[in-house]
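*Asks:* Sharing a sequence plus its predicted fold:
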2 protein chains.
Amino acid sequence: MTSDRSRPTSRDVARAAGVSQAAVSLVLRGKWRGRVSPGKAEAVRAAARELGYRPNQAARSLRLGRTRTALLVVPALTNEFFARLHAGTARVAAEHGFGVVLYPSPEGVGPARDPFDSASAALDGVIASSMASEALAALHAGGDLPLVMLDSEPERTRAAATVNLDIADGMRQVAAHLLGLGHRRLAHIFADVDSWTFRVRAKALAAAVRAAGCEPPLARPAALTVAGGMRAARDLLAADPRPTALVCDDDLLAAGACKAARRLGLRVPEDVSVTGFDDLSLATALEPELTTVRLPAEEAGAAGMRALLAALGATGVPGGAQGGPAEVTTLPVALTVRGSTAPPPDTPARPGGR
Amino acid sequence: MTSDRSRPTSRDVARAAGVSQAAVSLVLRGKWRGRVSPGKAEAVRAAARELGYRPNQAARSLRLGRTRTALLVVPALTNEFFARLHAGTARVAAEHGFGVVLYPSPEGVGPARDPFDSASAALDGVIASSMASEALAALHAGGDLPLVMLDSEPERTRAAATVNLDIADGMRQVAAHLLGLGHRRLAHIFADVDSWTFRVRAKALAAAVRAAGCEPPLARPAALTVAGGMRAARDLLAADPRPTALVCDDDLLAAGACKAARRLGLRVPEDVSVTGFDDLSLATALEPELTTVRLPAEEAGAAGMRALLAALGATGVPGGAQGGPAEVTTLPVALTVRGSTAPPPDTPARPGGR
DNA sequence: CTCGTGGAGTGTTACGTATAACGTGCTCCG
DNA sequence: CGGAGCACGTTATACGTAACACTCCACGAG
């Protein structure tokens, strides 16, 4: 009615409320205690509501030097784990008026372009998940933004903070469960990805098995897909003596392992036990349902964003203020026992798994 | 070395190259033909590279009045379909220097907040997928941004364009496949969501079945999860006479249906056929693999972003310029026949499905 | 010789916001 | 009674970029 087509500015609001533009800014940012009378403040709010005023974020960002936007680097969103990670970051971000923009990391299919060119939005900080060191170096070149690492090697990064899942403990729980059921010949299907999280899984499993006095597990790499899991499982189940349990780095691999086992005429879990990792929705869609490790992905994403916000708050103070230089948070994970594990064949049932 | 801590600006580059700030802008935007000599242009580029200059996007957005950022509204990213949708939009967006920020639509769990407050970034346009009319109205209130609808009711929106998947045809293909196998008693497990895409599925299935001279399919609503599919299937399979095929609105529901069938002692597909929709990675993880309809999600997302970019390009011309007011694109879908469908029991095999 | 034309640049301004710096009156207390 | 301090505001400026409006000069046509 009054305005001519384009979005109203704070000056339009000021005119409508009969005050200066500065007063509008004060009132709308809530900094008017003792600077603007309650009456005028209310008039400003009414005018803003009336006109449908929304502050121009570009102008605000320019003025403040902050954009209230974070970059989340993930290998692939089609993986439910990373989607949950994103949900956690986005939730916490929204609570603080932040936005999150995604960047599929260079390990994906796309051309390894500069994330800071790709993300047209200016950024305040970066959260990087499950990154290889090479990709990290690329990020490093992208300026001196605060960086939070998720589920990554804590060492040799310039991260302001690291949020990790207790992957090693998860794998130890898997091993304890299977060993407790009586399994002695475990095999490991590990993801064909050079990433800290998968290296830890392999190491933890091997250590737990060794500690129990068993021979080290056979291991086969596999592409992180159902088909990959099938191929690896076919190989492993051809070994003699055949392993009685297949420990998989991921639920997708476990799904493939189950398929492969059945194609070989083996029943799961009677003839061979299978465990997954991540507790995707896939885990309960399968039959039998997968025994797997539940990872608090949303929680990890939320914690990562909180850490980033904390780092942003502490910006400007060069000296190390509170705590160490790089804080590491580790979130607990929990084995979820379902139907894909059982005592090995030719063994009298023994009490208790785990 | 030369600069004092903060990011270099175009003025810093200008100083280093011995030209004016305006010249830097011209050169770096590639608009210098006949305005700046090749020698100086090269000097500017060298200085920019040397200083690691990156244009301040906030300032650019403020100046241009455009932010090169689009909002993608999806119900949930943890659903692989929407993740693929996002991948498509993000890919095309990146090709044009655009960013994409996500907003989980009000139908999700979160508090139904204003997407334009939540997305701290300013926006040039909106792509909304699978939205109920209520949520649409909320978007409508959010200003007069160009809007592209994905997989939604074409009518009564002010969308600049609509990109739809040929859902109806997909369901017709499912019906033809099952009817061709000899099935006569179909049942439908439909998603408990008030959304155009699911209404179309129900209508198309009913029409196809009626056209074949069969009685209309039994139908049960279900929450869009594996557990929801199980409950609905348990109900439907208790009917007498028992349906010989369960048509599901989604692969998750189909997974649940398979589980339920087996718990009742029925084999899939020998005793009962099951079909899904969407072709999630879940479809090939199950056993038997699901017969389902493959939706070109990435392609749809890409097409949506292209439509939005086109609408943005045509902004400023009030009169309807090229084509109709709201263009509707429909992408084809394809039935993928796998192992979860077979001729009904007590029926001699007949040649050909579909 | 004058004028037009186009290349090569620069000065200046505006985008919309947040805030520092600067007034006003007015009250209250030493 | 003379400020000091407070309540209430406004003016002015800067953030970094893009682009309009100029200037200046060389050169060729008339």
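*Replies:* The structure has been received and is ready for your questions. This structure is a prediction, so every number in the text was calculated from the model and none was measured. Residues are numbered from 1 along each chain as shown, chains lettered A, B, ... in the order given.

*Asks:* ok, the residue positioned nearest the centre of chain A - contacts?
*Replies:* Closest residue to the average C-alpha location of chain A: A:Leu85 at 3.6 Å, with C-alpha atoms, centre = their mean. By C-beta atoms under 8 Å, 6 or more residues apart in numbering or on different chains, the contact list for A:Leu85 reads A:72, A:74, A:129, A:150, A:297-298, A:300-301, A:304. Backbone N, C-alpha and C define where each C-beta goes, glycine included.

*Asks:* how does it look with 10 Å?
*Replies:* By C-beta atoms under 10 Å, 6 or more residues apart in numbering or on different chains, A:Leu85 lies in contact with A:72, A:74, A:77, A:79, A:127, A:129-130, A:150-151, A:295, A:297-302, A:304, B:77.

*Asks:* From these, which land in strands?
*Replies:* A:72, A:74, A:127, A:129, A:150 (DSSP state E).

*Asks:* What is the neighbour count of the spatially closest residue to the last one that is not a sequence neighbour?
*Replies:* Think A:Leu150. Spatial nearest neighbour of A:Leu150, chain neighbours left out: A:Ser129 (3.8 Å); criterion: C-beta to C-beta, 6 or more residues apart in numbering or on different chains. Applying other C-beta atoms under 10 Å in any protein chain shown, we find 26 residues neighbouring A:Ser129.

*Asks:* does A:Ser129 really touch A:Ala83, like I thought?
*Replies:* No. Applying C-beta atoms under 10 Å, one finds A:Ser129 not in contact with A:Ala83, separated by 11.7 Å.

*Asks:* Common neighbours of those two, please.
*Replies:* Common contacts of A:Ser129 and A:Ala83 (C-beta under 10 Å, 6+ apart): A:74, A:297, A:301.

*Asks:* and those near DNA strand C, which?
*Replies:* Contacts with DNA strand C are made by none of the shared contacts of A:Ser129 and A:Ala83, judged by C-beta under 7 Å from any atom of the strand.

*Asks:* so how far is A:Ala257 from A:Phe251?
*Replies:* To be clear, residue A:251 is Asp; Phe isn't right here. Going from A:Asp251 to A:Ala257 by C-beta to C-beta, to the nearest Å gives 10 Å.

*Asks:* count of residues packed around A:Ala223?
*Replies:* Neighbour count for A:Ala223, taken as other C-beta under 10 Å: 16.

*Asks:* Okay, the spatially closest residue to it that is not a sequence neighbour and B:Asp249: tell me how far apart.
*Replies:* Spatial nearest neighbour of A:Ala223, excluding adjacent residues (C-beta to C-beta, 6+ apart): A:Asp192 at 5.3 Å. According to C-beta to C-beta, A:Asp192 stands 35 Å off from B:Asp249.

*Asks:* Neighbour count: those two, which is higher?
*Replies:* Set A:Asp192 next to B:Asp249 and count neighbours by other C-beta under 10 Å: B:Asp249 wins out with 29 against 16.

*Asks:* do you know how far the more buried one is from A:Pro343?
*Replies:* To A:Pro343, B:Asp249 is 40 Å away according to C-beta to C-beta.

*Asks:* just to revisit the earlier point, remind me which helix or strand the residue nearest to the centre of chain A belongs to.
*Replies:* Using DSSP states H and E, the element containing A:Leu85 is helix A:80-95.

*Asks:* One more: A:Ser6?
*Replies:* Counting by DSSP H and E, A:Ser6 is part of no helix or strand.

*Asks:* ok, how many other residues are close to it?
*Replies:* So A:Ser6, with other C-beta under 10 Å, has 9 neighbours.

*Asks:* Can you give me the distance of it to DNA strand C?
*Replies:* A:Ser6 sits at a distance of 6 Å from DNA strand C (criterion: C-beta to the nearest atom of the strand, to the nearest Å).

*Asks:* these two touch, right, that residue and B:Gly65?
*Replies:* Yes. Counting by C-beta under 10 Å, A:Ser6 does reach B:Gly65; the two are 8.4 Å apart.

*Asks:* Stretch A:35-50 vs chain B: in contact?
*Replies:* No. Where contact is defined by C-beta under 10 Å from any C-beta of the partner chain, no part of stretch A:35-50 touches chain B; the two come within 12.5 Å at best.

*Asks:* any idea how far A:Thr284 is from A:Val74?
*Replies:* For A:Thr284, the distance to A:Val74 - C-beta to C-beta - is 24 Å.

*Asks:* wait, I meant A:Arg45
*Replies:* Using C-beta to C-beta, A:Arg45 is found at 40 Å from A:Val74.

*Asks:* more crowded one of the two?
*Replies:* Using other C-beta under 10 Å as the criterion, A:Arg45 and A:Val74 rank with A:Val74 on top: 25 against 16.

*Asks:* confidence score at the closest residue to the more buried one other than its chain neighbours?
*Replies:* In space, and not counting its chain neighbours, A:Val74 is closest to A:Phe82: 4.3 Å by C-beta to C-beta, 6+ apart. Per-residue pLDDT puts A:Phe82 at 94.

*Asks:* Which residue ranges of the stretch 1-150 of chain A form strands?
*Replies:* Under the criterion DSSP state E, counting those that start in this stretch, the stretch 1-150 of chain A carries strands at the ranges A:69-74, A:99-104, A:125-129, A:147-150.

*Asks:* what does the stretch 151-300 of chain A give?
*Replies:* Under DSSP E, counting those that start in this stretch, the stretch 151-300 of chain A gives strands at A:161-165, A:186-191, A:218-222, A:245-248, A:273-275, A:292-294.

*Asks:* For the fifth one, name the packing helices and strands.
*Replies:* On a contact count with 3 or more C-beta pairs under 10 Å, 6 or more residues apart in numbering or on different chains; DSSP states H and E, strand A:273-275 meets helix A:167-181, strand A:186-191, strand A:245-248, helix A:251-263, strand A:292-294.

*Asks:* Quick check: which of the ones you listed is nearest to chain B?
*Replies:* Shortest distance between chain B and the helices and strands packed on strand A:273-275, using C-beta to the nearest C-beta, is found for helix A:251-263: 3.9 Å.

*Asks:* angle of the closest one against strand A:186-191?
*Replies:* 130 degrees (axes from the mean of the first three to the mean of the last three C-alpha atoms, to 10 degrees).

*Asks:* so how far is helix A:251-263 off the chain centroid?
*Replies:* Helix A:251-263 sits 25 Å away from the centroid of its parent chain (C-alpha atoms, centre = their mean, to the nearest Å).

*Asks:* So what angle separates the directions of that helix and helix A:80-95?
*Replies:* 160 degrees.

*Asks:* one step back: pipe the helices and strands packed on strand A:273-275 into a markdown table and attach distance to B:Val200 and mean neighbour count per row.
*Replies:* Formatted as a markdown table, the helices and strands packed on strand A:273-275 follow (distance: least, C-beta to C-beta, whole Å; neighbours: other C-beta atoms under 10 Å in any protein chain shown):
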| stretch | distance to B:Val200 | mean neighbour count |
| --- | --- | --- |
| helix A:167-181 | 43 | 22 |
| strand A:186-191 | 39 | 25 |
| strand A:245-248 | 38 | 30 |
| helix A:251-263 | 31 | 26 |
| strand A:292-294 | 36 | 23 |
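
*Asks:* Now tabulate those in a markdown table and tack on mean pLDDT and distance to DNA strand D.
*Replies:* Formatted as a markdown table, the helices and strands packed on strand A:273-275 follow (pLDDT from 0 to 100; distance: least, C-beta to the nearest atom of the strand, whole Å):
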| stretch | mean pLDDT | distance to DNA strand D |
| --- | --- | --- |
| helix A:167-181 | 98 | 42 |
| strand A:186-191 | 97 | 42 |
| strand A:245-248 | 98 | 49 |
| helix A:251-263 | 97 | 44 |
| strand A:292-294 | 98 | 46 |
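
*Asks:* Of these, which is nearest A:Arg35?
*Replies:* Taking C-beta to C-beta, strand A:292-294 is the member of the helices and strands packed on strand A:273-275 nearest to A:Arg35, at 51.4 Å.

*Asks:* How about residues contacting that closest one?
*Replies:* The contact list for strand A:292-294, computed with C-beta under 10 Å, 6+ apart, reads A:165-167, A:169-171, A:173-174, A:177, A:201, A:248, A:250-251, A:254, A:274-280, A:282-284, A:333-338, A:340-341.
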